[in-house]
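J.: When you get a sec, could you give me coordinates for this:
(one chain, ligands or ions: 2)
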Amino acid sequence: MDKLQIVGGKRLNGDIAVSGAKNAALPILCAGLLTGGDIELSNVPRLHDVRTILKLLEQTGLKVTQDDERVTLNGANITSLEAPYELVKTMRASILVLGPLLARFGEAKVSLPGGCAIGSRPVDQHIKGLRQMGAEITIEGGYIHAKCAKLKGARIHTDMITVTGTENLLMAATLAEGETVLENAAREPEVTDLANLLVAMGAKIEGIGTDRLVIQGVESLHGAKHAVISDRIEAATFLCAVAATGGDIVLKNTRTDIFDVALDKLREMGLQLDVGTDTIRARMDGRPNPVSFRTTEYPGFPTDMQAQFMAVNILANGPSRVTETIFENRFMHVQEMNRLGAQISTEGNTAFIKGVDRLVGAPVMATDLRASASLVIAGMAAEGTTLIDRIYHLDRGYDRMEVKLSAVGADIVRIK
Ligand SMILES: CC(=O)N[C@H]1[C@@H](OP(=O)(O)OP(=O)(O)OC[C@H]2O[C@@H](n3ccc(=O)[nH]c3=O)[C@H](O)[C@@H]2O)O[C@H](CO)[C@@H](O)[C@@H]1O
Ligand SMILES: C=C(OP(=O)(O)O)C(=O)O
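T.: Ligands and ions are numbered 1, 2, ... in the order given. The predicted structure is shown next:
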């Protein structure tokens, strides 16, 4: 199992190119199932999760042609409507094939995703919405089996805001008969990116970017070209890294209009930001200021940035408080950070961080994707050597993070 070895205390200097967003690429690749036309995608990140979804899609008969960050999909010859347990168990986002397969072929059999380290993560809202559109759904032997000759438009109000739930129902609605209204829809930029691709494929969607999506179903969709939106979580991770270590970096291929809350919090931490349209220069000297926040749905503070900001807070010149409201178990990094000398205590869904003036490297264990990224940041700020085990979590969602960070001065190597 690969590990990362980091020798901390190095300032960061130089340019980093941000990759395409994992959370946009995954639903967008599944949208390839909605048409027999060619979907030509660029800026697709080179991630383990992308390889997993492509493997799953190829298994359905979807033709995949890949040239680095360019991927072309063709769904003219789909032969299987099943997402097997072996693939779904490694990546929950596999549930995103359910809506497209059911809408286009009238049937889908998808392994029920289990919970994961950060929470139980049920998919009841995906199922509820598809049932409202007329699908007959049974759950047996660990599989969701959905059938419906033709989905029918419906007014669907999800109990809570769900990102992949909105994406699944949105994709299903594009080929349903009549009008679907998705109330309480997720407004994350990755949902908007998917909606923009669907419109390019011929879908009729109003309210893109709002919490009320109105979709007029069409008979069929056609091929399209699309560039996947830049990854705001990866970008914020690098900005947290420079806030923790100090230095001067420029992020390229980024989108600066989609993460205002995070940028404001980084400024509050003392990071000097020069924001262009697709670049961000970030400079930091001295200890960060503490920032308190609670995670909420977009446009609030993203849960996927919580751990990385905590890695900066642990070194801040004062106390802070972080409340996680989206997932019930997303503080797995706390104990690992405390092993490096951080002083964090938790009470329910709130973490209280004291702020220390030094961390000391130690062996730590990555428990989930963003926890892994936060330990990389903490390790880069710690004195001495930190060894991070189980970094397969990191590879799910970051494109060669250690290569990008060592190119700007970090001392970080992958040990096979
Ligand atoms: C591939 C992808 O895009 N993953 C993102 C997506 O995950 P994902 O789409 O799985 O997260 P959701 O937005 O669905 O989850 C939000 C909350 O709703 C609950 N819930 C959700 C659906 C449902 O049917 N029933 C239910 O109870 C979840 O357990 C969670 O507590 O959004 C999360 C919240 O921004 C991010 O952390 C993930 O990185
Ligand atoms: C939780 C995440 O992803 P996923 O929904 O794929 O588990 C994430 O990207 O931080």
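J.: show me the contacts for Phe327.
T.: By C-beta atoms under 8 Å, 6 or more residues apart in numbering, the residues touching Phe327 are Ile118, Gly119, Arg121, Thr303. Where you see a C-beta, it was placed from the backbone N, CA and C, and this is true even at glycine.
J.: switch to 6 Å and redo it
T.: Counting by C-beta atoms under 6 Å, 6 or more residues apart in numbering, Phe327 touches Ile118, Gly119.
J.: Got the confidence number for it?
T.: Confidence at Phe327, expressed as pLDDT, is 97.
J.: Ligand 1 contacts on the stretch 151-300 of the chain?
T.: Met160, Thr162, Val163, Thr164, Gly165 (C-beta under 6 Å from any ligand atom).
J.: Filter those residues down to the buried ones and hand me the ChimeraX line.
T.: Applying 16 or more other C-beta atoms under 10 Å to these, the buried members can be selected in ChimeraX as follows:
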select :162,163,164,165
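J.: Redo the residues of the stretch 151-300 of the chain next to ligand 1 as a markdown table? Include secondary structure, pLDDT and distance to Glu69.
T.: Shown next, in a markdown table, are those (DSSP: H, G, I helix; E, B strand; the rest coil; pLDDT from 0 to 100; distance: C-beta to C-beta, whole Å):
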| residue | secondary structure | pLDDT | distance to Glu69 |
| --- | --- | --- | --- |
| Met160 | coil | 98 | 34 |
| Thr162 | coil | 98 | 28 |
| Val163 | helix | 98 | 23 |
| Thr164 | helix | 98 | 23 |
| Gly165 | helix | 98 | 28 |
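J.: Identify, from the residues of the stretch 151-300 of the chain next to ligand 1, the entry nearest to ligand 2.
T.: Of all those, Thr164 has the smallest distance to ligand 2: 7.1 Å, by C-beta to the nearest ligand atom.
J.: Can you show me the helices along the stretch 101-250 of the chain?
T.: Ranges of helices in the stretch 101-250 of the chain, per DSSP state H, counting those that start in this stretch, are 124-132, 163-174, 189-200, 232-245.
J.: returning to that earlier point: nearest to Pro299 among the residues of the stretch 151-300 of the chain next to ligand 1?
T.: Pro299 lies nearest to Val163 out of these, by C-beta to C-beta, at 13.2 Å.
J.: what two of the residues of the stretch 151-300 of the chain next to ligand 1 are the furthest from one another?
T.: Met160 and Thr164 (12.4 Å).
J.: Get me the contact residues on the stretch 301-416 of the chain for ligand 1.
T.: Thr303, Asp304, Ile326, Phe327.
J.: and stretch 177-195, C-alpha only, in PDB?
T.: C-alpha atoms of stretch 177-195 as PDB (Å, rounded to 0.1, in the frame of the first residue of the first chain):
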ATOM      1  CA  GLU A 177     -42.500  12.500 -20.400                       C
ATOM      2  CA  GLY A 178     -43.600  16.100 -19.500                       C
ATOM      3  CA  GLU A 179     -42.400  18.500 -16.900                       C
ATOM      4  CA  THR A 180     -40.400  17.700 -13.800                       C
ATOM      5  CA  VAL A 181     -39.900  20.300 -11.000                       C
ATOM      6  CA  LEU A 182     -37.000  19.700  -8.600                       C
ATOM      7  CA  GLU A 183     -37.600  21.700  -5.500                       C
ATOM      8  CA  ASN A 184     -34.900  22.100  -2.900                       C
ATOM      9  CA  ALA A 185     -32.300  21.300  -5.600                       C
ATOM     10  CA  ALA A 186     -28.600  21.400  -4.800                       C
ATOM     11  CA  ARG A 187     -26.900  24.500  -6.200                       C
ATOM     12  CA  GLU A 188     -23.300  23.300  -6.100                       C
ATOM     13  CA  PRO A 189     -21.300  24.500  -9.200                       C
ATOM     14  CA  GLU A 190     -20.800  20.900 -10.100                       C
ATOM     15  CA  VAL A 191     -24.600  20.400 -10.500                       C
ATOM     16  CA  THR A 192     -24.600  23.500 -12.700                       C
ATOM     17  CA  ASP A 193     -21.800  22.100 -14.800                       C
ATOM     18  CA  LEU A 194     -23.800  18.900 -15.400                       C
ATOM     19  CA  ALA A 195     -26.900  20.900 -16.200                       C
END
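J.: That one close to ligand 2?
T.: No - on the criterion C-beta under 6 Å from any ligand atom, stretch 177-195 is out of touch with ligand 2, staying 9.8 Å away.
J.: Report the buried residues of that stretch.
T.: In terms of neighbour count (16+ other C-beta under 10 Å), stretch 177-195 has its buried residues at 179-182, 184-195.
J.: what does stretch 198-214 give?
T.: Buried, per 16+ other C-beta under 10 Å, within stretch 198-214: Leu198, Met201, Gly202, Ala203, Ile205, Ile208, Leu213, Val214.
J.: Could you pull up the residues touching the second one?
T.: With contacts taken as C-beta under 6 Å, 6+ apart, Met201 has the following neighbours: Thr35, Leu221, His222, Ala224.
J.: can you do 10 Å?
T.: 31-32, 34-35, 37, 39, 174, 218, 220-224, 226 (C-beta atoms under 10 Å, 6 or more residues apart in numbering).
J.: just those residues now: which is nearest Leu56?
T.: Of those, the one sitting nearest to Leu56 (C-beta to C-beta) turns out to be Gly32, at 11.3 Å.
J.: and Thr386, bridged to which residues?
T.: Note on Thr386: beta-bridge partners by DSSP bridges are Ile6.
J.: Give me the distance between the closest residue to Glu69 other than its chain neighbours and Leu29.
T.: Computed as C-beta to C-beta, 6 or more residues apart in numbering, the closest residue to Glu69 that is not its neighbour in sequence is Val44, at 5.2 Å. Distance, Val44 to Leu29, using C-beta to C-beta, to the nearest Å: 8 Å.
J.: Could you look up the SS state of Asp278?
T.: coil (DSSP: H, G, I helix; E, B strand; the rest coil).
J.: So what does it have for phi and psi?
T.: phi -130, psi 20 (degrees, to the nearest 10).
J.: residues in contact with it?
T.: Applying C-beta under 10 Å, 6+ apart, the residues near Asp278 are Val18, Ser230, Leu251, Lys252, Asn253, Thr254, Arg255, Thr256, Asp257.
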